[in-house]
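A.B. asks: I would like the atomic coordinates for the input below:
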Amino acid sequence: MNDPTQHIKVSMFDPDIDEAYFDGERITTDMIDHMEAQAMEGMKIPRPWLKPGGKSLSGGDKHSPRFQVILGENTAEQVRSAASAEHMSVSRWLRRTVEEKLAA
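C.D. replies: Numbering: from 1, shown residues only. Predicted coordinates:
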């Protein structure tokens, strides 16, 4: 019998750095979170802390604006480490950091 996993290749993908598209739309952390929530909902695993589809950061039904930022390798690694240390996605960590800087 053939092993169906023998052709599976797993690699790390960081949507904040790597560029990939699904149905013509760039894959983002929010998209992955939404797809994960849908998959988990389909498996009927209760995850009360998730809001399926997430909420708009702009409020209402509007899509939130997106920014693409290019960072040097060392800076990107520092950002990833800082986000990981606080158990946050890079996007969430950057959003919080920018909001704190603008509020100061």
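A.B. asks: Show me how this structure divides into domains.
C.D. replies: As recorded under automatic domain parsing, the domains making up the chain are 14-56, 67-104.
A.B. asks: Among those domains, which one carries the weakest average confidence?
C.D. replies: Lowest mean pLDDT within the domains of the chain: domain 14-56, a mean of 72.
A.B. asks: list the contacts for the residue most central in space within the chain?
C.D. replies: What sits nearest the mean C-alpha location of the chain, by CA atoms, centre = their mean, is Thr29, with 1.7 Å. If you count contacts by CB atoms under 8 Å, 6 or more residues apart in numbering, Thr29 has them with Pro15, Asp16, Ser89, Val90, Ser91, Arg92. Every C-beta, even on glycine, is put in place using the N, C-alpha and C of the backbone.
A.B. asks: Looking at the residues you listed, which are in strands?
C.D. replies: Using DSSP state E to define strands, no part of these is located there.
A.B. asks: Can you say which of those residues are buried?
C.D. replies: Pro15, Asp16, Ser89, Val90, Ser91 (16 or more other CB atoms under 10 Å).
A.B. asks: Out of those, flag the one nearest to Ser64.
C.D. replies: Ser91 (10.8 Å; CB to CB).
A.B. asks: I'd say the closest one and Asp30 touch.
C.D. replies: Yes - if you go by CB atoms under 8 Å, Ser91 and Asp30 touch, sitting 7.2 Å apart.
A.B. asks: May I have the predicted confidence score for the nearest residue to Ser64 once chain neighbours are set aside?
C.D. replies: Nearest in space to Ser64, with sequence neighbours left out and distances taken as CB to CB, 6 or more residues apart in numbering, is Leu57 at 4.1 Å. On pLDDT, Leu57 comes in at 73.
A.B. asks: ok, back up a step: out of the buried ones among the contacts of Thr29, which sit inside helices?
C.D. replies: Within the buried ones among the contacts of Thr29, residues falling in helices by DSSP state H are Val90, Ser91.
A.B. asks: Tabulate the buried ones among the contacts of Thr29 (CSV), appending distance to Asp23.
C.D. replies: As requested, those are exported to CSV (distance: CB to CB, whole Å):
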residue, distance to Asp23
Pro15, 15
Asp16, 20
Ser89, 22
Val90, 23
Ser91, 20
